[in-house]
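Participant: Generate a structure from the sequence data that follows.
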Amino acid sequence: MAEFKRPILKIPLSYLEILEIVSLSGIITIFLYLFIAWEQIPEKVPTHFGSSGLPDSWGGRGSLLFLAFLIIPLYSLLTIISKFPHIFNYLCEITEANARFQYQNTRTMIVLLKTELIFIFGYIEWKSIQVAVGKASGLGTAFLPVLLLVVFGTIGIYIYRTIKYK
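Facilitator: This next block holds a predicted model:
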């Protein structure tokens with residue numbers, strides 16, 4: 001396997017990377033909501049939703065903690081890998097001339113996806129509790145299409161930018 005020598009640059013945070021604060025706020029909000037609502041959450045909560053948005057599996061309320069705590073390693077992993085953009089796979093050759101843009105573009109995509117995922121997890125957590133206490137019947141029929149559009153739309157935009165500014 002050939003080894004590529006790519007420039008290693010220290011790139012300042014972009015204006016969109018302020019979303020790091022939004023992401024952390026989202027994580028804190030999820031845990032605060034769980035803490036505040038814990039006594040009102042019944043023992044049986046939805047643990048999975050089908051493509052229709054309706055729950056199709058139920059389990060103990062501890063599964064809500066699992067979902068909340070799953071966010072922390074996901075956030076941490078994405079944060080760590082975003083610090084090393086020179087090791088990513090790119091759709092174009094990385095040169096001295098385009099490295100700064102390509103690295104910044106990829107880092108911004110990661111922070112945006114990270115924020116989206118945290119809010120998606122938060123929404124699932126909130127709706128799971130709403131279903132468990134009888135205030136909702138599911139995630140809603142639009143959840144899956146919107147989720148796919150948001151996540152793959154973000155990836156598509158950044159792929160377009162990668163190719164356009166190679």
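
Participant: got the buried residues for stretch 95-112?
Facilitator: 98-99, 102-112 (16 or more other CB atoms under 10 Å). For the C-beta atoms, the positions are set from N, CA and C on the backbone; glycine is no exception.

Participant: Thr154 versus the residue nearest the centre of the chain, what's the distance?
Facilitator: Residue closest to the mean C-alpha point of the chain, counted by CA atoms, centre = their mean, is Leu117 at 2.1 Å. Taking CB to CB, to the nearest Å as the measure, Leu117 falls 10 Å from Thr154.

Participant: Likewise for Asn105?
Facilitator: For Asn105, the distance to Thr154 - CB to CB - is 12 Å.

Participant: Likewise for Leu74?
Facilitator: Leu74 is 16 Å from Thr154, by CB to CB.

Participant: circling back to that earlier point, spit out the contact partners of the residue nearest to the centre of the chain.
Facilitator: 71, 74, 151 (CB atoms under 8 Å, 6 or more residues apart in numbering).

Participant: Take the residues you listed and keep only those in strands.
Facilitator: Using DSSP state E to define strands, no part of the contacts of Leu117 is located there.

Participant: Of those, which is the most crowded?
Facilitator: Ile71 (21 neighbours; other CB atoms under 10 Å).

Participant: Phe121 - nearest residue in space that isn't next to it in sequence?
Facilitator: Once flanking residues are discounted, Phe121 sits nearest to Ile71: 5.2 Å by CB to CB, 6 or more residues apart in numbering.

Participant: any idea where the helices of the chain begin and end?
Facilitator: Taking DSSP state H, the helices of the chain run over residues 19-37, 62-82, 99-132, 143-164.

Participant: Restrict stretch 81-100 to CA atoms and write it as PDB.
Facilitator: Taking Å, rounded to 0.1, in the frame of the first residue of the first chain, the C-alpha atoms of stretch 81-100 are listed here in PDB:
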ATOM      1  CA  ILE A  81     -10.900  12.200  14.700                       C
ATOM      2  CA  SER A  82     -11.700  15.700  13.500                       C
ATOM      3  CA  LYS A  83      -8.300  16.800  15.000                       C
ATOM      4  CA  PHE A  84      -6.500  14.600  12.300                       C
ATOM      5  CA  PRO A  85      -8.000  15.600   9.000                       C
ATOM      6  CA  HIS A  86      -4.800  14.700   7.100                       C
ATOM      7  CA  ILE A  87      -5.500  10.900   7.700                       C
ATOM      8  CA  PHE A  88      -9.000  11.000   6.200                       C
ATOM      9  CA  ASN A  89      -9.900   9.600   2.800                       C
ATOM     10  CA  TYR A  90     -10.700  12.300   0.300                       C
ATOM     11  CA  LEU A  91     -12.300  12.300  -3.200                       C
ATOM     12  CA  CYS A  92      -9.400  14.400  -4.500                       C
ATOM     13  CA  GLU A  93      -5.700  14.600  -4.100                       C
ATOM     14  CA  ILE A  94      -4.600  16.600  -1.100                       C
ATOM     15  CA  THR A  95      -1.900  19.100  -2.000                       C
ATOM     16  CA  GLU A  96      -0.200  22.100  -0.300                       C
ATOM     17  CA  ALA A  97      -2.600  24.300  -2.300                       C
ATOM     18  CA  ASN A  98      -5.900  22.700  -1.300                       C
ATOM     19  CA  ALA A  99      -5.100  21.100   2.100                       C
ATOM     20  CA  ARG A 100      -6.300  24.000   4.200                       C
END
